[in-house]
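Chemist: Dropping a prediction and its sequence here:
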Amino acid sequence: MFLNLIKTTIAAIALFAIIFLFILPIDLPYSIKVPGKVLPIKEWVLSKSNNGQIVTQLINNKTGQSEDYFVTLIERGDVVQLKLKSNRDNFTVLKNDTIAVIHSNEINRQLIRLMGKLEETKTSLKLNLTGSKKSVIEAAKKKLDFEKEKLREQNKILARLKEMYEKNLISVEEYEIAQNESYLNDINIAIAKAQLETVQTGEKTGQIQFIISQINSLENEIGVLEKRLTNFVIVSPINGTVNQIANSDTILFVSDTSEYVILMPINIQEKEYLQKDISIVLQIPYNNKMIDAEFYGLDNRVQVFRGTQVIFLKAIVNKDKLNFIPGMYVQCTLNLGSVSIKERINKIFQRIFN
């Protein structure tokens, strides 16, 4: 009987205490602990696809966006070799440093063939522009000079005959024959000029233009192949550290660790407590050091993490605070302000029974 009275009294006191706590206008600080994954601010990934193409992708972990995506197309049947600039691991590169070079047998073969054809066509153009032998050109010039001199003499004769014709000293027929001789000399001069131009150029202008168009076409084809070869020189778009991966579709990646992104899963039920003035403290696993992180934002997409619906929150840490290792996990404490005692007790029960 006495024991029952004691139990009843204790239960009454406990109930009274709970009711008293529920009605007290006191707020308690509220914080939660979650795991956080350390990511570099940017990552550039070099990989190979299932069909053998070489793919590069630049990922901004801060914004969650892909800033650049490029696929190097390899022709079917082509034999290619990807040669890395260095076989070392965990070394530093600067932006625009060469990381790897792709060697293509097919493109090299086409380039050699086209360059040979270009030299052949240029030689053909040179021969056509050079024209005939010097002796033939000199003969054509002399023939033109001869026809011009002949025309001058004929014009003198025609001038004398004209005076005689006007004085009726010769017949009309004689004067017209002299005129026809002069016209004939004009024609012979035109023919001689054309012959001289022909032996000087060696071919007709249309043929030379055709050869020039062939040269332009070959140079354009070579330019296209050389541009493709520049795409086969793979350079890093960022400063960072190179890590190579064996036995994987990912060949290597470059990590920009000038800043770090901490990715943290937050139970969707805690979303209402996420404010802009969240303070975040990280605990480093290998030395238990505590450092502050700057809240950046959150992803409103709901995902499942360890069987729980979560949203991911992001924080930024400057490299100067600590030299993190990308991919490691840290313990994160999120200080979410304060909640009433009632809310605090409710959350305790939710964690127990959920």
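Modeler: Received it, and whenever you're ready, just let me know what you need.

Chemist: Does anything pack onto the longest strand along the chain? Which helices or strands?
Modeler: Assignment by DSSP state E gives strand 27-48 as the longest strand of the chain. Secondary-structure packing of strand 27-48 (3 or more Cβ pairs under 8 Å, 6 or more residues apart in numbering; DSSP states H and E): strand 54-60, strand 240-244, strand 250-267, strand 329-340, helix 341-353. C-beta: built from backbone N, CA, C; applies to glycine.

Chemist: if I look at residue 269, how far off is residue 308?
Modeler: Separation of residue 269 from residue 308 (Cβ to Cβ, to the nearest Å): 9 Å.

Chemist: Also residue 237?
Modeler: Applying Cβ to Cβ to residue 237 and residue 308 gives a distance of 37 Å.

Chemist: who's more crowded, those two?
Modeler: More neighbours surround residue 237 than the other of residue 237 and residue 308, with 17 against 13 (other Cβ atoms under 10 Å).

Chemist: Tell me how many other residues crowd residue 44.
Modeler: Residue 44 - counted by other Cβ under 10 Å - has 25 other residues nearby.

Chemist: need the contact list for it.
Modeler: The contact partners of residue 44, by Cβ atoms under 8 Å, 6 or more residues apart in numbering, come to 56-59, 236-238, 240, 253-254, 256.

Chemist: same thing with residue 99?
Modeler: Here residue 99 is in contact with 46, 84-85, 93, 234-236, 242, 252, 254 (criterion: Cβ under 8 Å, 6+ apart).

Chemist: go on, residue 92?
Modeler: By Cβ under 8 Å, 6+ apart, the contact list for residue 92 reads 239-242.

Chemist: which residues in the stretch 51-200 of the chain form helices?
Modeler: Counting by DSSP state H, counting those that start in this stretch, the stretch 51-200 of the chain has helices at residues 105-130, 134-166, 172-201.

Chemist: Any idea which of those gets closest to residue 224?
Modeler: helix 105-130 (9.8 Å; Cβ to Cβ).

Chemist: okay, the angle between that closest one and helix 172-201?
Modeler: 150 degrees (axes from the mean of the first three to the mean of the last three Cα atoms, to 10 degrees).

Chemist: how close does residue 300 get to residue 64?
Modeler: Counting by Cβ to Cβ - residue 300 and residue 64 are separated by 11 Å.

Chemist: more crowded one of the two?
Modeler: More neighbours surround residue 64 than the other of residue 300 and residue 64, with 14 against 8 (other Cβ under 10 Å).

Chemist: Per-residue pLDDT of that one, please?
Modeler: At residue 64, the predicted lDDT confidence score is 84.

Chemist: Angles on the backbone of the residue nearest to it when sequence neighbours are not counted, please.
Modeler: Spatial nearest neighbour of residue 64, chain neighbours left out: residue 299 (6.7 Å); criterion: Cβ to Cβ, 6 or more residues apart in numbering. When read as degrees, to the nearest 10, the backbone of residue 299 gives phi -100, psi 120.
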